[in-house]
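Sharing a sequence plus its predicted fold:
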Amino acid sequence: MSSDRNLLRNLLHTWKETKALREKQECTNSPIKLTIRKELSDKATDEQAWRYDLTEELEELKEVNEKEYNVKMKVYKEELEQWKQFMKERKKKNRKAKRGSREGLAESQGESDVETHDAVEVPKPEKPEKTFNEEEEKMKLKQKYKQIRRKPGEPYIYPELSNTAVVTPPSDCPKSEQARRTGMQKCRCFIKVLINDKEVSRTGVRTLSSDFTIRFGEIFNVQIVQWPLNIKLQVFESGAFNNMIAEVFLPIPDTRMTSDVVELEEIDFSSDHKRSYNHSAVGCGYTVELGEGDSVKHVTPLTSGSIVSSVAWGVGDDNRPLIPPQSLNPQDIKMQHRYDALSALGAGGVIDIEKLSNWINDARLDPNDPVNANIIHSVKMLRGGDGNQSHIPDFFRLEQLQEEFNFVTDDELALSKRFKMIEYRQKEIPEFRNIKFVPCQEKEIQDDIFKAYELRKQKEQKGLVSADMDPHRAAVAKFLGKVREQVMARFLAAQHQFSLEDVVNEEAVPNIGLLGGNILKLAEPRRPLRPQRKERKTVTAQNLAGLDVNILINIERAFDIPVRSSAISSESGSSQTTQNIVRPFVEVLFQQNKKQTSTTEGPNPNWNEEIAMPFKAPNNDYSSTNLQSVNDLIYLNLFDEVLIDMLQDNRESASTVHRRVERRWLGSIQIPFSTIYFQGKVTYNLLLLLCFDSRLLKQF
């Protein structure tokens, strides 16, 4: 408890210094925030807990003291028995000496002198006393509780550290802090990996983040033939001249530390090199003052940090760690490196693959040495599966490290369900063609997802050959099936071959001929009553995915739309129709999208408007087979817009307008999407039968 209270006290003191530093710098650079939460306590309950704990601890002290007293009493009784036995034997010898004769007295006296000289005097033990003072121990416990425990009635204090503080944006920071952040963003570092003081690899260059961390996330596989003398990492700051910040030595792993059981370790480092900046950064290697007033501290900061890394031995195919033999010393290895294949084997031995392979095994050449790279890569292709037997392959590779860079074997790749799904989708197999998202993990893929495809393939194979077909016809049918599959595969491959015009959508670069033609068009008379249609660029179906596809509907005009019955009046036996007694408009519905034309007046409207209705193919598949299966309809509805005056008092009509807009359905037509798809363009007059008078027709 005492350590907890001291830790809390130091934590609050450090947080106060941090807050004072933030107020002095007028900015916040980290999202760390310490929240002190207080919880009220019951004084009576705390006093009761005090008394209970005091009684419990006092009883424990009594029990400990009682046990110690019992142990001392046991030892006292044993020593007392020994002392009584010693005194009994001593009295017996003295009594025997008095009753005996002179000879016997002399003999017994001689023996007694010898025994007296030989025997060790046993002192009488002292009886232990009970030293436990209950009142004194109780006072000590009370003093201890006052120092380490919370006082009765004192509230509970819970510090909560979170990353909820708002980091001051650069625009609100002082210029010195802005310069520090800009300089921090330019700081880039990398790490070199050295084995036996030789660089074997290095990480990529990474930028230092705002929380002073760099995440590399790289794994280096190094093949060695001898036990390493040392492994170290060198941290460098990238720039015009790479400056080494620190050097960290990693422990050589134990033989039982393999890559499947290793854990990351955090290793601290520090450097005493000096570095100063022309902005608000503290730097390193120079003494600075922290705090104000009497609490000023002189501190010399160092470039310090920690590296999270691990070193382990690899595991072979036989689940054995790939550890070099420890019996070889560096001197023997250096002598073996001096061997020359030509001098050791001769000209004929170098040509003999068997001898050359055996010599490499005996010499234990270092595969990381660039001098041996060519010969080791060449011999790798000549070795068998066990690494001992050599053979001449019937092929050659342009890239010698092709097998080393394969992530998995061909058998593992063939058994991968995820790779199989991606392959089938790329081949546009109907069961997998419309799959948009493939799970990242194979356990998320169901096992029965390929059953439908396998059943279809089995039915196709059975359908090619019937039971009563002779062997020759059956062979021909199977051959035709294979030819059909190859033709379909080539057709799909041809669909994915794009030209430059399919990929790059750009206007033609103007030349002198086009420029002259455009200048001549400026002098031509404008004839808006005779417009010329501009040909649209044709787009193939394979390039429609991800684009906005629209169906263009051009609504021109209508004739003889019936007027409202309320607007027809009879005077002197003749009917007379008033003007502007109908306000028609056309509404288009397609795939849950709705658009309409503008509202005109009169029975013979002239809209001349083009409506673009968005179209989306099922599963975003714009192939001809999928578009032919679309059963959507285009609905053209004719409405009459009626304005109904809602004012009940005509005296307010001059100053107030209150109308309700209603639309009254007059009729509709339906156009299948398949008609537009197969014809490409539909241009004709549509006859619309109205709902209330079969003699009236509407034309579009």
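Yep, it's here.

can you confirm residue 171 is in a helix?
Yes - counting by DSSP: H, G, I helix; E, B strand; the rest coil, residue 171 is located in a helix.

Distance of it relative to residue 177?
Counting by Cβ to Cβ, to the nearest Å, the gap from residue 171 to residue 177 is 11 Å. Just so you know, the C-beta spots here come from the backbone N, C-alpha and C atoms, and that holds for glycine as well.

neighbour-wise, which of those two wins?
Each of residue 171 and residue 177 has its neighbours counted (other Cβ atoms under 10 Å); residue 177 has more, 19 against 6.

tell me the secondary structure for that one?
Residue 177 ends up helix, using three-state DSSP.

any idea how far it lies from residue 170?
8 Å.

can you give me the helices for the stretch 51-200 of the chain?
102-118, 134-148, 175-185 (DSSP state H, counting those that start in this stretch).

The stretch 351-500 of the chain now?
353-363, 373-380, 410-414, 417-426, 451-464, 471-495, 500-503.

quick one, which of the ones you listed is nearest to residue 587?
With Cβ to Cβ, the closest approach to residue 587 among these belongs to helix 500-503: 36.6 Å.

Alpha carbons of that closest one, as CSV, please.
Taking Å, rounded to 0.1, in the frame of the first residue of the first chain, the C-alpha atoms of helix 500-503 are listed here in CSV:
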residue,chain,number,x,y,z
LEU,A,500,-6.2,2.2,-76.7
GLU,A,501,-9.6,3.9,-77.5
ASP,A,502,-11.3,1.5,-75.0
VAL,A,503,-9.0,2.5,-72.1
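
Tell me where the stretch 301-450 of the chain has strands.
303-309 (DSSP state E, counting those that start in this stretch).

which residues of it score low on pLDDT?
326-357, 360-361, 363-403 (pLDDT under 70).

try 50
327-329, 333-339, 342-344, 346-350, 384-388, 390 (pLDDT under 50).

now residue 453, nearest residue through space, not along the chain?
residue 431 (4.7 Å; Cβ to Cβ, 6 or more residues apart in numbering).

number of nearby residues for the one you found?
Count around residue 431 with other Cβ under 10 Å applied: 16.

Now do it against residue 247, distance only.
59 Å.

Residue 200 now?
Taking Cβ to Cβ, one finds residue 200 at 15 Å from residue 247.

more neighbours, these two?
Legend: neighbour count by other Cβ under 10 Å for residue 200 and residue 247, higher for residue 200 (16 against 13).

for that one, what are its contacts?
193, 194, 220, 222, 368 (Cβ atoms under 8 Å, 6 or more residues apart in numbering).

Surely the fourth one is in contact with residue 198?
No - taking Cβ atoms under 8 Å as the contact criterion, residue 222 and residue 198 are not neighbours in contact, 10.4 Å apart.

between those two, which one's more packed in?
residue 222 (14 against 9).

circling back to that earlier point, most neighbours out of the contacts of residue 200, which is it?
Result: residue 193 is most packed of the contacts of residue 200 (other Cβ under 10 Å), 20 neighbours.

What pLDDT does the model give the nearest residue to it once chain neighbours are set aside?
Closest residue to residue 193 apart from its sequence neighbours, by Cβ to Cβ, 6+ apart: residue 201 at 4.7 Å. Looking at residue 201, its pLDDT is 90.

Give me the secondary structure label for residue 201.
What three-state DSSP gives for residue 201 is strand.

Next, the contact list for it, please.
192, 193, 220, 222.

With distance to residue 322 and pLDDT added, can I get these in JSON lines?
Formatted as JSON lines, these follow (distance: Cβ to Cβ, whole Å; pLDDT from 0 to 100):
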{"residue": "192", "distance to residue 322": "23", "pLDDT": "92"}
{"residue": "193", "distance to residue 322": "18", "pLDDT": "92"}
{"residue": "220", "distance to residue 322": "15", "pLDDT": "89"}
{"residue": "222", "distance to residue 322": "11", "pLDDT": "88"}
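
Backbone dihedrals for the closest residue to residue 187 other than its chain neighbours, please?
Counting by Cβ to Cβ, 6+ apart, residue 187 lies nearest to residue 208, which is 4.3 Å off, once chain neighbours are set aside. Per-residue torsions, residue 208: phi -70, psi 130 (degrees, to the nearest 10).

From what I see, residue 208 and residue 190 are in contact.
No - counting by Cβ under 8 Å, residue 208 sits too far from residue 190 to count as a contact (11.4 Å).

Show me where the stretch 451-600 of the chain has its strands.
Remark: strands assigned in the stretch 451-600 of the chain by DSSP E, counting those that start in this stretch are 549-557, 568-571, 574-577, 584-590, 593-596.

follow-up on the earlier one: do you know how far the residue nearest to residue 193 is from residue 62?
For residue 201 relative to residue 62 (Cβ to Cβ), the value is 67 Å.

Identify the spatial nearest neighbour of residue 665, chain neighbours not counted.
residue 639 (5.8 Å).

and that neighbour, how many neighbours?
19.

ok, it touching residue 667?
No - the pair residue 639 and residue 667 fails to qualify as a contact (Cβ under 8 Å) at a distance of 9.4 Å.

hmm, back to that, make CSV out of the helices of the stretch 351-500 of the chain and add distance to residue 233.
Putting the helices of the stretch 351-500 of the chain into CSV (distance: least, Cβ to Cβ, whole Å) gives the following:
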stretch, distance to residue 233
helix 353-363, 31
helix 373-380, 25
helix 410-414, 34
helix 417-426, 36
helix 451-464, 51
helix 471-495, 50
helix 500-503, 47
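
between the ones you listed, which one is nearest to residue 444?
Closest among the helices of the stretch 351-500 of the chain, using Cβ to Cβ: helix 417-426, at 8.9 Å.

State the pLDDT value of the closest residue to residue 662 other than its chain neighbours.
Nearest residue to residue 662 in three dimensions, chain neighbours excluded: residue 642, at 4.6 Å (Cβ to Cβ, 6+ apart). Listed pLDDT for residue 642 reads 87.

With residue 548 instead?
pLDDT, read off for residue 548, is 76.

ok now do it, which residues does it touch?
Counting by Cβ under 8 Å, 6+ apart, residue 548 has contacts residue 614.

Figure out the helix or strand that residue 244 lives in.
Here residue 244 is covered by strand 243-250, with elements defined by DSSP states H and E.

tell me what that strand is packed against?
Applying 3 or more Cβ pairs under 8 Å, 6 or more residues apart in numbering; DSSP states H and E, we find strand 243-250 packed against strand 231-238, strand 265-271, strand 303-309.

Reformat these as a markdown table; add mean neighbour count and distance to residue 500.
Output for the helices and strands packed on strand 243-250, formatted as a markdown table (neighbours: other Cβ atoms under 10 Å; distance: least, Cβ to Cβ, whole Å):
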| stretch | mean neighbour count | distance to residue 500 |
| --- | --- | --- |
| strand 231-238 | 18 | 41 |
| strand 265-271 | 13 | 55 |
| strand 303-309 | 15 | 50 |
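
okay if I get those as TSV plus distance to residue 159?
Output for those, formatted as TSV (distance: least, Cβ to Cβ, whole Å):
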stretch	distance to residue 159
strand 231-238	33
strand 265-271	24
strand 303-309	24
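
ok so, going back, would JSON lines of the helices of the stretch 351-500 of the chain with mean neighbour count and distance to residue 67 be doable?
As requested, the helices of the stretch 351-500 of the chain are exported to JSON lines (neighbours: other Cβ under 10 Å; distance: least, Cβ to Cβ, whole Å):
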{"stretch": "helix 353-363", "mean neighbour count": "16", "distance to residue 67": "70"}
{"stretch": "helix 373-380", "mean neighbour count": "14", "distance to residue 67": "73"}
{"stretch": "helix 410-414", "mean neighbour count": "10", "distance to residue 67": "67"}
{"stretch": "helix 417-426", "mean neighbour count": "16", "distance to residue 67": "68"}
{"stretch": "helix 451-464", "mean neighbour count": "12", "distance to residue 67": "75"}
{"stretch": "helix 471-495", "mean neighbour count": "11", "distance to residue 67": "89"}
{"stretch": "helix 500-503", "mean neighbour count": "10", "distance to residue 67": "91"}
